[in-house]
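Participant: Next comes the sequence, and after it the predicted model I'd like to discuss.
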Amino acid sequence: MTVVHVLFGTESGNAEMVADDIAAAFDGQGFETVTAELTDVAVSDLAAMEIAVFVSSTYGEGGLPETAAPFYDALMAERPDLTGVRFAAFGLGDSVYETFNNAIDTLRGALLELGAEQIGTTARHDAASTTPATDLAGTWAGDLLTLMAA
């Protein structure tokens, strides 16, 4: 059974809720899911992951949340070869800021630079919208499942 690692970086807990919803969408669909905060993930473990879903909020003026910044710093310092790793990306931000969803773009860019392959499009939730992040997560995860089944 394919394991999907749903990895999140959060400041206020919203990205964790979205990560839980994404993991729930994969459950019962032929996948095993493991959900973890990025502070609990070693960069050296990434290369062994078949599929990783990254969920991150953007903090302040475009920064990574407190629970994602150390992971990103280690990723850039260690620079592992991520060829063969497939990932998806879901960002949370607020379009009133010029740096809307910058954190997920930062993580996504690093993963691509290190050889990982992105599955699907990057989801970008906007806190200024009336759509709850969990609703977007469910729809996006469903689209991702369709892509992975093809």
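Facilitator: Sure, I can see it.
Participant: How are the strands of this protein distributed by residue range?
Facilitator: Under the criterion DSSP state E, the chain contains strands at 2-9, 31-37, 51-57, 86-93, 117-118, 123-126.
Participant: partners of the last one, with directions?
Facilitator: With DSSP bridges as the criterion, the sheet partners recorded for strand 123-126 are strand 86-93 (parallel).
Participant: Can you name the residues in contact with the longest helix along the chain?
Facilitator: Looking across the chain with DSSP state H, the single longest helix is helix 133-149. With contact meaning C-beta atoms under 8 Å, 6 or more residues apart in numbering, helix 133-149 is reached by 14, 17-18, 21-22, 25-26, 29, 51, 53, 88, 90, 92, 119-120, 123, 125, 127. Quick note: C-beta positions are derived from backbone N, CA and C, even for glycine.
Participant: dump the residue contacts of the spatially most central residue of the chain.
Facilitator: The chain has residue 54 as the residue nearest its centroid, 1.3 Å off, counting by C-alpha atoms, centre = their mean. Taking C-beta under 8 Å, 6+ apart, we find residue 54 in contact with 7-9, 87-90, 104, 107-108, 111.
Participant: related to what we said a few turns ago, ranking the strands of the chain by burial, who's on top?
Facilitator: A comparison of the strands of the chain by mean neighbour count, using mean count of other C-beta atoms under 10 Å, puts strand 51-57 on top with a mean of 28.
Participant: Restricting to C-alpha, output that one in CSV.
Facilitator: The C-alpha trace of strand 51-57 is given here as CSV (Å, rounded to 0.1, in the frame of the first residue of the first chain):
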residue,chain,number,x,y,z
ILE,A,51,4.4,10.8,-1.9
ALA,A,52,4.5,13.8,0.4
VAL,A,53,1.8,16.5,0.7
PHE,A,54,3.1,19.8,2.1
VAL,A,55,0.7,22.1,3.8
SER,A,56,1.9,25.5,5.0
SER,A,57,0.5,28.8,6.1
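Participant: what's the angle between it and strand 86-93?
Facilitator: Put simply, strand 51-57 runs at 10 degrees to strand 86-93, going by axes from the mean of the first three to the mean of the last three C-alpha atoms, to 10 degrees.
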